[in-house]
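Asker: what follows is a protein structure lacking sequence information:
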Ligand SMILES: [Zn+2]
Ligand SMILES: [Zn+2]
């Protein structure tokens, strides 16, 4: 009887993806770890959805950049703590199950927003990076968001060339680095579409800006962006 009890318990319990404590439902995270996620709280930047001090409509980072071409930006969490660790493990640790947990959180946030979208588009990785990593973490997130919202996933853009990492570049160098880095795969699919563009981390927003411009030039009607983490 005890053996049976143990087996049943094993089948119906799942480890929390953060602390490994058992949770009853396969939600990914236990209540404690979920509570530690660094969700952004208002006032939020009108443009990128980051936490803002409320003096201007735009956050300090958006004020420094060219006017964003996307309509609305949604950021889920600050780039710190448990949120940062989970995205890091999804990105570099081969822990693709985390895409489900984070993607579900993202989908819930989109549901509470007023944005109008008819397709979900991930920021692509260059194929050489996808090859070494084995997957594109952003495409996995976009896939889950698409399933949760029942809105089709469309891989509308591709990387046309390999670009060095952006992190340490200045604003002008970043723009130059990414100039022409994306191209629309299929103009017919892009035309008139209302897009939600997904990235895992928004640092300066240059990648999302350049990708947005590519999609609008390709005939997209509107582009909204969502990042799991906002630096
Ligand atoms: Zn936990
Ligand atoms: Zn902002």
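Answerer: Alright, I've got the coordinates. All values reported here derive from a predicted model rather than from experimental measurement. Numbers count the residues shown, from 1 in each chain. Ligands and ions are numbered 1, 2, ... in the order given.
Asker: in this structure, which spans are strands?
Answerer: With DSSP state E as the criterion, the chain has strands at 14-15, 22-23, 73-78, 119-122, 157-159, 182-184, 194-202, 222-230.
Asker: now do the helices in this protein.
Answerer: Counting by DSSP state H, one finds helices in the chain at the ranges 2-12, 31-36, 60-64, 81-92, 98-111, 127-133, 137-149, 171-178, 187-190, 206-217.
Asker: thinking again about what came up before, I'd like the strands of the chain as a markdown table, with mean neighbour count appended.
Answerer: (Glycine included, C-beta is placed from N, CA and C.) Shown next, in a markdown table, are the strands of the chain (neighbours: other C-beta atoms under 10 Å):
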| stretch | mean neighbour count |
| --- | --- |
| strand 14-15 | 14 |
| strand 22-23 | 16 |
| strand 73-78 | 23 |
| strand 119-122 | 26 |
| strand 157-159 | 20 |
| strand 182-184 | 19 |
| strand 194-202 | 24 |
| strand 222-230 | 25 |
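Asker: could you dump the ones you listed into TSV and include mean pLDDT and distance to residue 142?
Answerer: As requested, the strands of the chain are exported to TSV (pLDDT from 0 to 100; distance: least, C-beta to C-beta, whole Å):
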stretch	mean pLDDT	distance to residue 142
strand 14-15	89	24
strand 22-23	90	26
strand 73-78	98	13
strand 119-122	98	4
strand 157-159	94	12
strand 182-184	96	15
strand 194-202	97	4
strand 222-230	98	9
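Asker: those: which one's closest to residue 170?
Answerer: When these are compared by C-beta to C-beta, strand 194-202 sits nearest residue 170, at 17.5 Å.
Asker: now do that closest one against strand 222-230, angle only.
Answerer: Relative orientation of strand 194-202 versus strand 222-230 (axes from the mean of the first three to the mean of the last three C-alpha atoms, to 10 degrees): 20 degrees.
Asker: and the angle from strand 194-202 to strand 73-78?
Answerer: 30 degrees.
Asker: list the helices and strands strand 194-202 packs on?
Answerer: helix 81-92, strand 119-122, helix 137-149, helix 206-217, strand 222-230 (3 or more C-beta pairs under 8 Å, 6 or more residues apart in numbering; DSSP states H and E).
Asker: mind checking how far the second one is from the chain centre?
Answerer: Using C-alpha atoms, centre = their mean, to the nearest Å, the distance from the centre of strand 119-122 to the centre of the chain it belongs to is 10 Å.
Asker: likewise for the third one?
Answerer: Put simply, helix 137-149 sits 9 Å off its chain's centre (C-alpha atoms, centre = their mean).
Asker: quick one: list the elements packing against it.
Answerer: Using 3+ C-beta pairs under 8 Å, 6+ apart, helix 137-149 sits against helix 81-92, helix 98-111, strand 119-122, strand 194-202.
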